[in-house]
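# got a predicted model here, sequence first, then my questions.
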Amino acid sequence: MKTIFPLFAILFLSGCASVEVHEQRLVSKPNMLFSRSAVYSYSSRIMPQLQPGLAASGGAQPSTCTVCR
Amino acid sequence: MKARVNRQPRPWHPAVLSAFVASALLTTGQTATVPAFELPRWQTGEPARLEDFAGQVLVLDFFAYWCAPCEPASKEIEKGVQQFYATRRGNPHGVPVRVLSVNIESDFPERTAAFVQKTGMSFVANDFSGALLKQLGGEGIPFLAIVDGTRSQSGAPRFELVYRHAGFEGLRRIRQVIDGLGADAVTPKAANSMSPESPDLDEQGRGAPWTHGIGADSELVRASDILLSDSRFSHRLEKGGTELELAFAYASFDIEYQPFTPVDFFGFSEDLHEDRFTGQASLRQRLAQTFTLLAAGGLYDGYSDYRRVWISNRYRQKYDHPDFPRVPGYETPDPKGYNLSIGTRYEYLPTTGFAELKLGYARDQTAPGYEDGLDTNGQFVLLKGRERLDTRSLALSLENVLTKRLRALNEFGVSDTTGRKPRFTYQGSLNLALAERCVLRGYGGLSREAPQFDGHFFGLIAEYEVTPNFLLSLTGRYYRDSGEIENSLPVTSAAPPLRSWEVGAGLRYNWSRASLKLQAGPVWTDYKPQPGIAEEFTFLYKDRNWVLVQLAFSVQL
C-alpha cells in the first residue's frame, strides 16, 4: 500500500490538471517538452550498459543479463 | 494592444456560454452562430471585424510563437488554404476564402514577428485577452475554426461556426469543410472553373508535400580499458496526420580484455572489437481527432552490451582456446534479434494531456553462457545457458501540464522475458520553468524484478538560456542497484550491486531549421564486492572512471 498510494497520487495529479491556453507559454518552450529528439532529450543509449536499471521495457534488449534467470 | 470583442457585457458568461453552446451544437452536427468580433490587426492596429467577411468563408488560425506545432500548421494553412483558394478565386462554389491568423501572445513581439515571417502569414490580428478563443471553445493551440458567412444578407450578417478543432487535422480535412460551403448561398457567386470532383483539386486536396527531418547523433563513453560508441542516423517524413521515421544505428565495443589469471589459467590478454548494426522503423498515424496509432519494428545484429562481449570472450578462451581443440557443445555466438510494437496515443486534454499505451514483443538470440558439468553417468558435459529469449512488454505513459510552470511525464512498464519473473519499471519526470530563461528538469525511477533485482535512480538537469538560440546545461545523476539476478548456471556472471554517479555540462544551439547539442562529463561506477560472484569476472566488474560525450544534430528540410 505504501508503494501504491504515491503512484495513485501521481496519476491523479497528472490526469486532472488543466491550464488555460494563455498560461501555457512557459510550459510550451522546446526545452520544457518531453522530446524524442536526441537534441532535446537527455537520455542515452549507452548508459543502460553501465547502469542496467535505467533500461525501460519494450526495447529489443530489455533484459540486463542474457544468461540470468 | 488588447483584442476587442463587441459583445462582452459580463466578464465570463458570454465566453463560457458561447463555448458551451458551440461545443454542444458542433457535437450534434449542427452549426452555431458566431458572435460579432473586432480584433486589432497585428502591427497596424486597424480593426479586423467579423462583418467584413460577409459572403465569405473565414478560417481562423489561433497561434502563439512559442507553440511548436503551430508553426508547421500555420505554414500549411497559409499556403494550402489562403494561397490555394486565392489562386482559384474561391472554393468550388465561387465563395472567397480568407485565413485570419490570430496571435494570442502579447509578450516578446519580436519573436511573434519572426514567427509570422517564417510561416508567411499574410493577415494577422491579435486576441491577447483570449476572449474570441474562449468564445469559440478553444482549449489549446493550434486551434482552427471555420466560419461560414455565405448566408449573410445585405444589412443582416450571419456567421455560422461550421468547424473547430484544437490541433491541425491536415489540409484535406480543412478543404473538405470549405468546399462544402456556399452551395446554397443567399448571394450566389459565380462558380469557379473547378468542381469538387475535379481530379486536380482532389489531388491538391490531399495536402501539402511531405516534409523531411534529418537527425544524427553519436555517443561515446570511455574508460581506461573500454571504449563504447553508439551512433544513429534518422530520416523523418511527415505529411498531415502521418509521420514515418526510418533509423539506422551503429554501435561499437572495444575492450582491452584481461583474464583474472589466479583462477583463469589459460586465459590471455587480447584486444576485442565488436559491432552492432540496427535498423528501426516507426509510424505515427492519426486515426481520429484525439487518437494516434503508433507502430514500430526493428532488427539488430550484434552484441547488446560490452559485458556480453567480455563474458562471451571469456567462454571462447575457455572452450575454444586457440591452442586446444574446441570443447564439444561450444558454439560461436551470433547474437541478433528483432522487435515489434504497437500502441496508441490519446490526447485526453487538448494539447496538454496525453496518454500512451504500447504493447511490445522482442526476440533475442543471445550469446549464451557456459559452465562445466557432469551428466547422469558422471561424464563431463558442457552446460549451455538459454540462447533464445522472448520478451513481451506493456508500457503506459502519461504526460500532462500541471501548472503554468510545470510539465510532468509518468512512465510505467512491465516486461516478461523467457524464464524470468516480470520486471516492473517506473520513471517520473518533472520539468519546471523556474524563470523566463531557467528550466529545471528533475526525474527519478525504479526497476524491480523478483527475486532480487532492485534498481533506482534520480537526476537533475539545470538549463539556462544565454540567448533565445543558445542554451547551457548542467546535469547530475545518482544510480544504485542491488546487483543482477542469480544466474541459471552454477557459476554466476551476473553483476554485483552497483552504485554510480554521473555529472555533465552541455550546450545547445538552435538555428532557424537546425539544432546542435554537445554534452560531456564523467561517470563513476563502483561495484560492491559480494560473495558468490565468480572471481573469473573480477576485471569485468571492477570499478571504473568513465567519460561520456554526446553529440546530436537535427535539421528540418
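Perfect, I can see it now.
# residue of chain A nearest chain B, please.
At 2.2 Å from chain B, residue A:53 is the closest residue in chain A, using CB to the nearest CB. Quick note: C-beta positions are derived from backbone N, CA and C, even for glycine.
# got phi/psi on that residue?
Dihedral pair for residue A:53: phi -70, psi -10, per degrees, to the nearest 10.
# and it, how many residues sit next to it?
25 (other CB atoms under 10 Å in any protein chain shown).
# can you check residue B:41 too?
Residue B:41: 15 neighbours (other CB under 10 Å).
# got a list of what it touches?
Counting by CB atoms under 8 Å, 6 or more residues apart in numbering or on different chains, residue B:41 touches B:47, B:48, B:123, B:124, B:125, B:126.
# in strands, which of the residues you listed fall?
Using DSSP state E, the subset of these located in strands is B:47, B:48, B:124, B:125, B:126.
# what about the residue of chain A closest to chain B, distance to residue B:385?
22 Å (CB to CB, to the nearest Å).
# put the alpha carbons of stretch B:271-279 into CSV.
Taking Å, rounded to 0.1, in the frame of the first residue of the first chain, the C-alpha atoms of stretch B:271-279 are listed here in CSV:
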residue,chain,number,x,y,z
ASP,B,271,42.0,-6.5,-27.8
LEU,B,272,38.4,-7.2,-28.6
HIS,B,273,36.3,-5.3,-31.2
GLU,B,274,32.7,-6.0,-31.9
ASP,B,275,30.0,-4.1,-33.9
ARG,B,276,26.2,-3.9,-33.7
PHE,B,277,24.0,-2.8,-36.6
THR,B,278,20.4,-1.8,-36.0
GLY,B,279,17.6,-0.7,-38.3
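# just how off-centre is that stretch within its chain?
How far stretch B:271-279 lies from its chain's middle: 27 Å, per CA atoms, centre = their mean, to the nearest Å.
# identify each buried residue in it, please.
Applying a neighbour-count criterion of 16 or more other CB atoms under 10 Å in any protein chain shown, one finds B:272, B:274, B:276, B:278 buried in stretch B:271-279.
# picking up where we left off before, filter the contacts of residue B:41 down to the buried ones.
B:48, B:124, B:125, B:126.
# can you add pLDDT and give those back as TSV?
Below are these laid out as TSV (pLDDT from 0 to 100):
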residue	pLDDT
B:48	94
B:124	96
B:125	96
B:126	95
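# doesn't residue B:261 make contact with residue B:538?
No - Residue B:538 is beyond contact range of residue B:261, at 10.1 Å (criterion: CB atoms under 8 Å).
# now check the host helix or strand of residue B:463, is it near chain A?
In this assignment (DSSP states H and E), residue B:463 forms part of strand B:453-467. Yes - Strand B:453-467 lies within reach of chain A by CB under 8 Å from any CB of the partner chain, at B:453, B:455, B:456, B:457, B:459, B:461, B:463, B:465.
# and for stretch B:353-363?
Yes - using CB under 8 Å from any CB, stretch B:353-363 reaches chain A at B:353, B:358, B:360, B:362.
# show the contacting residues for the residue nearest to the second one when sequence neighbours are not counted.
What sits nearest to residue B:358 in space, not counting adjacent residues and going by CB to CB, 6 or more residues apart in numbering or on different chains, is residue B:343, at 3.3 Å. Residue B:343 makes contacts with B:293, B:294, B:295, B:356, B:357, B:358, B:359, B:395, as judged by CB under 8 Å, 6+ apart.
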